[in-house]
Each structure stands twice: as C-alpha cells, then as structure tokens.
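> Fold the following for me, if possible:
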Amino acid sequence: MVNEIEYRDDAGSIPSEEQRRILRVALLQGPEAREAGIAWLAKTNIARLGRASVRLLPLIYERFRLEGIQHPVLPVLRGLKKHTWSCNRLLFHRAGEAIRALRAEGIEVIVIKGAALTIEYYQDYSLRPMDDVDLLVRYPEARAAIEVLCRQGWKALEQWNEQKGFSEQTRQYDHAMHFVHPSGQDLDLHWNLTPFCLGPDADRDFWDASKETTFDGQVVRVLDPADQLLHICVHGVAWERVAPIRWIPDALAVVRKAPQLDWERLLLQARNRKLTLMISSALDYIDRNIGDFVPAHVLSEFKGSHVTVFERLEYGQLLKRAWALGHVRRKVWTFLRVCQGKTLRDAALSFPYYLCTRLRVDRKRQVPAAFCREVWRRFGDRIRR
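Predicted coordinates:
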C-alpha cells in the first residue's frame, strides 16, 4: 500500500500554500483539526504529494485517528505509519550498537535531531520518518569517535577521509561526517551541533545543560528543550531540495511536551550565537500560521533584538535556491561566519584550506577542478529533477 504514493520533489524553504494546509491538518487539534482534515481530504490526491509532505503523513494518520475521521485513504496512511516504525526500529538498533561502542571507549554521546525528538518528544517510533541517526560527541573526541565507528564497520561517505584520516583542518572547518553501515543504515557524527557555530567551545553550553536518557537500552544525553528548539529552527531555515517543513511539527512537539520551556535561555543562546533572525522568523511563522504556542512577550523580545547586517544578509542567502553556484555560495557565507574575529589577512590565508575541506580535497591545487565538479554535479542534479 505504501508504494501507491508517488514521491514528487518539492524544493523550498518557506512552506508553500499546499504545505501550509497539510501542516495545519497535522498540527491542529479539536474541531478545527477535524474541519481542516475533511476539507484537505476532499481536495488532495495523496498519491501526488511531494516528498516533504509525505514525511508528515504518519502525523496526519494519527490526527485522523484521534479525531475519528473516516476515509478510504486511511489504510494507506496506516501502512506508511507501520513502515516508518519498522525502518526507525532498524535504524535505532544499528545506531545503538554504535553508541555502545563509543561508550565502551568512554566517549559521551548526545543524540540529536530526529532520533532525539522521537525518544523524548514524539515518544513513538512511527510518527517521525528519518533517513539517519545523528550523534554529537565532544569536540576533542571527534577523532577517537571516528576511529571507533570505522572499527565497527561504518564507512565515511567521503572516501578521502578513509584514505587520509581525520585532519585538524576537517574538524576546524566542518561540523559533522556522514557514515554508512554495510547493512545500509546511515549515521551522522557531529563534533559541533550546527555549521554556524564551530570550534572547541561552541557547544559547551549545550553539553552543560544536557540531561541523561536512554536510547535503545544505552545511556545517552539529549539537549535541554530550549536548545533543542533552537537547533530545530536553525536546521529548518535553509532552502533544500526537499523543503524542510517538518521542522514545524518538530518545534511544536517540543513546545507541547515542555510547558516549562526556558524561553529566556532560547533568546540568550540565539543572541550569543548571532542566530536571532533565524529563530525569530521561525517562531513568528508558527505564531502566524499554526497558533499562539509562543508567548507574546518572547516574540516581542526576539523582534526587538539587535540583528547585525551580516545576519540579515546570511539569512537572505539561506532562503535562496541552492542549485549549482548557489550551493557554493552558501559555503562562502559559512566561511565568513567561521572567520569572524580574524584579521583580513588571516581570513584570506585560511580560505583555501576551508575550500579544501568543504570540497573534499587535500591539496590547494585541486580546488579549481573540485569546484568545477561540484558546480557541474549540482547543475546536473537540477536538470535531472
């Protein structure tokens, strides 16, 4: 039954009108939810939804079940929900083995993104489809963690990492590495939580406020709810080939499950990291389109915060389409963030090394060819789509 759904690309950042409707169906409650659900079913062809919207169908099914809505499409949605549960259980089991190996070497782990949301907020393996599990280790332990994963059979997606090893340059200019297990499961290992805030001290506040929980029988840590909400909003702001609209139900899951959420901490963390505009825009979207889940005084404080010219320009770039040259342009903006505080001379000298890291080459003379390959690959992806 799940195969009846045809995946269609729906690139973007800000939800389209069609996506806004499906978000309301998934997230509203009570009579308003029932009315929105019935109206949506009458106008929507489930088999023609885009990928971003398909990711929300398990939530749609759960909402219909709770509201007592009956429709011939429900068996398809129920099948998709069961498929999500099965895939996530396999993914979590494999990631649990990796966590067990890391802990055996004394390496602490924070489970982040979809996996953390599943165990702490959705508390249901069938509601949040995901492609991989994301783990965060402390910055100094990145190399040791990578070696542990490699011994467990995980392979880095970038083959040059396997050949050259993990360099200090990679740790300095990137924030994570993607691994694939021979069984097919995927895992992202982070040594910094976001690509916007890099360095050995960037995540200290996140680690200090994190708390213990269990993941597949293993003791792990998860972010403080305010930090979790910050990460959700920042991760969902940028334009992607598959619009990252599920940040909105993720954010609502945190807000609903953590009524005592420390909004002042969220504001302080956003200001300290120059992420105020990203977070403010995300919270404002939720308030205008889904409901008044964010306290009015919080919205007011965010809107009254000082936002630098750099933040405004950066945010504008993130909302733009990132095909071909746009994707490379993003790398440049990320570098500008990394080198804030450096002299112009130091920034200029470090830029070639940054490009080597982000373009996955180990010599500066390889950068021009790698740049051309990256642009051509992105352009080819756009043509094929």
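
> Where do the domain boundaries of this structure fall?
As given by automatic domain parsing, the domain ranges for the chain are 2-84, 90-261, 322-384.

> Out of those domains, which is the most enclosed?
Highest mean neighbour count among the domains of the chain (mean count of other Cβ atoms under 10 Å): domain 90-261, with a mean of 19. No exception for glycine: its C-beta is placed from N, CA and C like everyone else's.

> CA atoms of the helix or strand encompassing residue 347 as CSV?
Under the criterion of DSSP states H and E, residue 347 resides in helix 344-358. In CSV, the C-alpha atoms belonging to helix 344-358 read as follows (Å, rounded to 0.1, in the frame of the first residue of the first chain):
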residue,chain,number,x,y,z
LEU,A,344,41.5,40.2,6.8
ARG,A,345,45.0,38.7,6.2
ASP,A,346,44.3,35.6,8.3
ALA,A,347,40.9,35.0,6.7
ALA,A,348,42.4,35.3,3.2
LEU,A,349,45.2,32.8,4.1
SER,A,350,42.8,30.3,5.6
PHE,A,351,40.2,30.4,2.8
PRO,A,352,42.0,27.9,0.5
TYR,A,353,42.2,25.4,3.4
TYR,A,354,38.5,25.9,4.1
LEU,A,355,37.7,25.2,0.4
CYS,A,356,39.9,22.0,0.6
THR,A,357,37.8,20.8,3.5
ARG,A,358,34.4,21.6,2.1
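
> and it, what other elements does it pack with?
Applying 3 or more Cβ pairs under 8 Å, 6 or more residues apart in numbering; DSSP states H and E, one finds that helix 344-358 contacts helix 168-173, helix 325-338, helix 367-384.

> rank these by mean pLDDT and give me the bottom one.
If you rank the helices and strands packed on helix 344-358 by mean pLDDT, helix 367-384 sits at the bottom with a mean of 63.

> what sits up against the helix holding residue 347?
With contact meaning Cβ atoms under 8 Å, 6 or more residues apart in numbering, helix 344-358 is reached by 169-170, 172-174, 331, 334-335, 338-339, 342, 362-364, 366-367, 370-371.

> So, low pLDDT: which residues of this structure?
1-12, 158-165, 322-327, 371, 374-385 (pLDDT under 70).

> would you list every one of the helices in the stretch 1-150 of the chain?
Remark: helices assigned in the stretch 1-150 of the chain by DSSP state H, counting those that start in this stretch are 17-27, 31-43, 51-54, 57-67, 74-104, 113-117, 142-151.

> can you give me the angle the longest one makes with helix 31-43?
For helix 74-104 against helix 31-43, the angle between stretch directions is 110 degrees (axes from the mean of the first three to the mean of the last three Cα atoms, to 10 degrees).

> and helix 74-104, what other elements does it pack with?
Here helix 74-104 touches helix 57-67, strand 133-136, helix 142-151, strand 186-190, strand 211-215, strand 218-222, going by 3+ Cβ pairs under 8 Å, 6+ apart.

> so what strands line up beside the second one?
Based on DSSP bridges, the pairing partners of strand 133-136 within the sheet are strand 110-112 (antiparallel), strand 186-190 (parallel).

> which residues touch the next helix or strand after the longest one?
Towards the C-terminus, the helix or strand next in line after strand 186-190, according to DSSP H and E, is helix 204-209. Under the criterion Cβ under 8 Å, 6+ apart, residues 110, 136, 138, 193, 221, 223-224, 226-227, 265, 269, 272 lie in contact with helix 204-209.

> rewinding a little: out of the helices of the stretch 1-150 of the chain, flag the one nearest residue 239.
Residue 239 lies closest, by Cβ to Cβ, to one member of the helices of the stretch 1-150 of the chain: helix 51-54, at 12.0 Å.

> can you give me the offset of that closest one from its chain's centre?
How far helix 51-54 lies from its chain's middle: 15 Å, per Cα atoms, centre = their mean, to the nearest Å.

> same check, this time on stretch 52-63
The answer for stretch 52-63 is 18 Å, by Cα atoms, centre = their mean.

> measure it end to end?
18 Å (Cα to Cα, to the nearest Å).

> again, but for stretch 70-77
Separation of the first and last residues of stretch 70-77 by Cα to Cα is 12 Å.

> same thing with stretch 121-128?
Terminal residues of stretch 121-128 are spaced 10 Å apart (Cα to Cα).

> distance between that stretch and the chain's centre?
Using Cα atoms, centre = their mean, the offset of stretch 121-128 from its chain centre is 16 Å.

> who's in contact with it?
By Cβ under 8 Å, 6+ apart, stretch 121-128 touches 58-59, 62, 81-82, 84-85, 88-89, 92, 114, 117-118, 228, 246, 250, 253-254, 257-258.

> With stretch 249-268 instead?
Stretch 249-268 is contacted from outside by 23, 26-27, 56, 59, 114, 117, 120-122, 128, 209, 224-230, 232-233, 236, 279, 282, 286, 290, 293-295, 298, 301-302, 305, using Cβ under 8 Å, 6+ apart.
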